[in-house]
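S.K.: Need coordinates for the below:
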Amino acid sequence: MGLIRTKVVVRNAKDSRLAPFEADALVDTGALLLCLPEHVATQLKLPVLQDREVTTADGKAHICPYVGPVEVSFGNRSCFVGALVLGEDVLLGAVPMEDLDLVISPATQTVEANPRSPNIPSAVVK
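M.R.: Numbering: from 1, shown residues only. Below you'll find the predicted structure:
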């Protein structure tokens, strides 16, 4: 399977006056969190909540700002998460994917709403 990208909209969850950012996000189920490039976090005026130490795929540790809250929308679904300020692309990790109840279709290499819950996101909480 190659790189998978999908359209998402990210916005500052506390300041609706700011324009949202529409992104062609890289989807990575091996990553946990949402990652935003610095220019997106700056455009959305997301406050730094704390610093986090992260290990990237090359095995190196980095200290990155953790910002939020961020609203992430995919179609008619949305969730609220924090984000690491890291990289050059918006990266959609496993936590927002689960919260939005999205799945990857291996046949089409696209992201779609979970076919088991096409109308609203669902979650197992037991």
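
S.K.: Every contact and neighbour count from this point should use C-alpha atoms.
M.R.: Fine.

S.K.: For residue 6, give me its contacts.
M.R.: Applying C-alpha atoms under 8 Å, 6 or more residues apart in numbering, we find residue 6 in contact with 23, 24, 25, 26, 27, 110, 111.

S.K.: Okay, now the unreliable bits of this protein?
M.R.: Within the chain, the ranges that satisfy pLDDT under 70 run 1.

S.K.: please redo it, this time with the cut-off set to 90
M.R.: Segments of the chain classed as low confidence (criterion: pLDDT under 90) are 1-2, 29, 56-57, 106-107, 124-126.

S.K.: in it, which spans are strands?
M.R.: Here the chain has its strands, by DSSP state E, at 4-12, 21-27, 34-36, 48-55, 61-74, 77-85, 91-92, 102-105, 110-113.

S.K.: hang on, the earlier thing: top of the contacts of residue 6 by number of neighbours, please.
M.R.: Neighbour counts for those, by other C-alpha atoms under 10 Å, peak at residue 27, which reaches 22 neighbours.
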